[in-house]
Each structure stands twice: as C-alpha cells, then as structure tokens.
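In: Sharing a model that was predicted from the sequence below.
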Amino acid sequence: MDKIQKKKREEQYKKYVKTKTPVHNLFANMTRAFITGGTICVIGQGILNYCKFQKMPEDLGGAWTSLLLVLGGVILTGMNLYPSVAKWGGAGALVPITGFANSVAAPAIEYKKEGQVFGIGCKIFTIAGPVILYGIVTSWVLGGIYWIGKLLG
C-alpha cells in the first residue's frame, strides 16, 4: 500500500470516527448532573428535616435518611427507572448514595437467574467492589497520615 492510499484511508477512518463519536455539551451535562444530584440531596434533606421534626436524635435521623435513600435507589433500579435517571443526570445520579445502591442492586437483579451463589453472590459487588476497596484503602492511608501527623505534633 503506497503512502497516498494509506493517507486517504486514514482520512476516511477519521471521518468515520467523527460521525460515530457522540458530541457532548459540557454545560448541559453539568446542568443535568447538578439538577439530578441536587434533587436527590433535597429529598435527603427533606427526610432529615422530617426526622428532626419528629424529635429524633441527629445520628438516628441520618441513619434513616441513608436507609431511605438506599431503599429508593434499589426500588427505582428494580423498576428499571434508575438507569434512565442516570442516563439523563450523569454523575448527579451516580455519585450520591442512591447511585451506590443502584450499582449493587443492578448486578443482583441481572444475574439472579444464574443462582444465589454464582449469580447474585459473585456479581453483586462487580461495580461497587472497587469503590469499597479503594475507599477503605484511601481511608487507611489518610488515617495513617493523620496518625503520623499527630505523633509529630
């Protein structure tokens, strides 16, 4: 293949890639993420305010808030609605605790047909596992840095 044909082929390939690559509007994506994440946070704050109104201790109200947000994320995942929310809201739906609940529930639902052990048991932490692992490792490293800092004064 001579250089002219190779160059022409590369140009055709670049043109093909350009037609297939989705174009993203950063401002629109950030706005949707902000709206989605903000809505989830407003719902969480509403639950927390209701718990305070019921004279619940703050730590118990926080636990109920987390529990209900996780439950909501799992229910929306089970009803196949959370993927649509995540597609529209991007990181605004994936970063909060509801996104974590979705990342655990979705593989469990998808692989339940393979059985309790090899389906749900093996696949449930496919997405959430690395998040847990790196969260623990990061916490350990930061705790070590804090401990050394306290020793040094």
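Out: Noted; the coordinates are in hand.
In: What ranges does this protein have for its helices?
Out: All helices of the chain, identified by DSSP state H, fall at 3-20, 26-53, 58-78, 82-89, 91-94, 97-110, 122-123, 128-152.
In: can you list these in a markdown table and add mean pLDDT and mean neighbour count?
Out: All C-beta spots, glycine's among them, are computed from the backbone N, C-alpha and C. Output for these, formatted as a markdown table (pLDDT from 0 to 100; neighbours: other Cβ atoms under 10 Å):
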| stretch | mean pLDDT | mean neighbour count |
| --- | --- | --- |
| helix 3-20 | 86 | 9 |
| helix 26-53 | 95 | 14 |
| helix 58-78 | 94 | 16 |
| helix 82-89 | 92 | 17 |
| helix 91-94 | 87 | 21 |
| helix 97-110 | 82 | 20 |
| helix 122-123 | 76 | 16 |
| helix 128-152 | 90 | 10 |
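In: Columns distance to Gln116 on top of the ones you listed, output as CSV?
Out: Putting these into CSV (distance: least, Cβ to Cβ, whole Å) gives the following:
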stretch, distance to Gln116
helix 3-20, 41
helix 26-53, 31
helix 58-78, 17
helix 82-89, 23
helix 91-94, 27
helix 97-110, 10
helix 122-123, 10
helix 128-152, 18
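In: ok, the residue nearest to the spatial centre of the chain - contacts?
Out: By Cα atoms, centre = their mean, the chain has its centre lying nearest to Leu94, at 2.7 Å. Neighbour list for Leu94: 86, 102-103 [criterion: Cβ atoms under 8 Å, 6 or more residues apart in numbering].
In: Looking at those residues, spot the one nearest Lys52.
Out: Closest to Lys52 out of the contacts of Leu94 is Asn102 (27.2 Å), distances taken as Cβ to Cβ.
In: and the gap between Asn25 and Thr31?
Out: 9 Å (Cβ to Cβ, to the nearest Å).
In: I meant to write Pro57 there.
Out: Applying Cβ to Cβ to Pro57 and Thr31 gives a distance of 37 Å.
In: Same check on Val85?
Out: 15 Å.
In: Then Ala106?
Out: For Ala106, the distance to Thr31 equals 25 Å [Cβ to Cβ].
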